[in-house]
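Colleague: Give me a 3D structure for the following:
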Amino acid sequence: MEREALDLAAAPTKLTPYFPPIVANRAPKPVRSRIRVVLLNVAGGRHLSVVVDCLKRPPLNDADVILLCEADSGTRRSRRTDVASELAAALNMSCAYVREFGFTRRDGEIFAHLGNAILCTQPLDDVVAVAMPSPRTPPLFPRLPSRFVRIGTPTGFYASARFGRETITLGVAHLNSRCTPAQREVQMAMYMAAFPSRGRAIFGGDLNTTTTELATLHANSRRAPFAPGGGNQK
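Modeller: Numbers count the residues shown, from 1 in each chain. Sure thing, here's the model as predicted:
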């Protein structure tokens, strides 16, 4: 409990996102009386064709909003593709993508990213990235070759979309799975502090909700196996 209190007290008041949002809007689709929302951790996007097939058939077809976590761009597990962009094109949806982390070579060139995305049948406006604290955790990836460096910070975001006469705020965030519940609370508090306080809104994400601390390699070794990319505990 003392450690959790220290984590909360040490939380910064505001952080700056490392990367700006990327937005690609398409023509709006007809608005229906109900908004259908799909939330998905795509785990990097290695099996993107399978994901596309699933999203094109019942019960997931005809989604108005898709909240997407762990959408890679240029990584090995995404087969070097831009997952959010490819998925939006396949479904003919508008897309906002916020990169959380980038991988650089020794020369500083960024060649791959990890991030989150919102896909929508309506154009997306007012896209705002929200940086969150990064807890000290066991390594997320196997040790990177010395020629690679990871940069960035955990980042959620929100955007607005107009459905008929209603403007709705859409938000997505991916919280850390390898930390204390209190550290995730800090991440969520910082995200919500930036989230619009008025109007209709839809929020979702991979919140990695656990009631135990997973901040050590020993604790993680006792976890049940999960698919590459995490997000098994909700």
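Colleague: which stretches of this structure form helices?
Modeller: 2-9, 48-55, 83-91, 181-194, 217-221 (DSSP state H).
Colleague: list the buried ones in the fourth one?
Modeller: The neighbour-count check on helix 181-194 (16 or more other C-beta atoms under 10 Å) flags 182-184, 186-188, 190-191, 194 as buried. Yep, even glycine has a C-beta here, placed from its N, CA and C like the rest.
Colleague: what's the closest of the residues you listed to Pro135?
Modeller: Gln183 (4.3 Å; C-beta to C-beta).
Colleague: The residue positioned nearest the centre of the chain and Pro58: what is the separation?
Modeller: Nearest to the mean C-alpha position of the chain, by C-alpha atoms, centre = their mean, lies Asn116 at 3.1 Å. Distance of Asn116 to Pro58, given as C-beta to C-beta, to the nearest Å: 26 Å.
Colleague: neighbours of the nearest residue to Ala131 once chain neighbours are set aside, just the number please.
Modeller: Leaving out its chain neighbours, the residue that sits closest to Ala131 by C-beta to C-beta, 6 or more residues apart in numbering is Leu15, at 3.7 Å. Leu15: 17 surrounding residues under other C-beta atoms under 10 Å.
Colleague: Then the one 5 residues further on?
Modeller: If you count neighbours by other C-beta under 10 Å, Pro20 ends up with 10.
Colleague: heads up, I number from 199, so please use that
Modeller: New numbering, starting at 199: the last item is Pro218.
Colleague: surely it meets Gly313?
Modeller: No: at 11.4 Å, Pro218 does not count as touching Gly313 under the criterion of C-beta atoms under 8 Å.
Colleague: got the contact list for the closest residue to Val281 other than its chain neighbours?
Modeller: Spatial nearest neighbour of Val281, excluding adjacent residues (C-beta to C-beta, 6+ apart): Gly243 at 3.3 Å. By C-beta atoms under 8 Å, 6 or more residues apart in numbering, the contact list for Gly243 reads 249, 268-270, 275-277, 279, 281, 284-285.
Colleague: Return the member of the residues you listed nearest to Asp404.
Modeller: Glu268 (7.2 Å).
Colleague: what about the closest one, distance to Lys227?
Modeller: For Glu268, the distance to Lys227 equals 26 Å [C-beta to C-beta].
Colleague: The two: who's more crowded?
Modeller: Taking Glu268 and Lys227 together and counting by other C-beta under 10 Å, Glu268 has the greater number of neighbours (24 against 14).
Colleague: What's the separation between that one and Asn223?
Modeller: Here the distance between Glu268 and Asn223 works out to 23 Å (C-beta to C-beta).
Colleague: Arg230 now?
Modeller: According to C-beta to C-beta, Arg230 and Asn223 sit 19 Å apart.
Colleague: the more surrounded of these two?
Modeller: It is Asn223, of Arg230 and Asn223, that has more neighbours when counted by other C-beta under 10 Å, with 16 against 12.
Colleague: So which of the helices of the chain is nearest Ala359?
Modeller: Proximity to Ala359 (C-beta to C-beta) singles out helix 281-289 among the helices of the chain, at 13.6 Å.
Colleague: counting contacts, what elements does that closest one pack onto?
Modeller: Secondary-structure packing of helix 281-289 (3 or more C-beta pairs under 8 Å, 6 or more residues apart in numbering; DSSP states H and E): strand 235-242, helix 246-253, strand 263-271, strand 292-302, strand 308-318.
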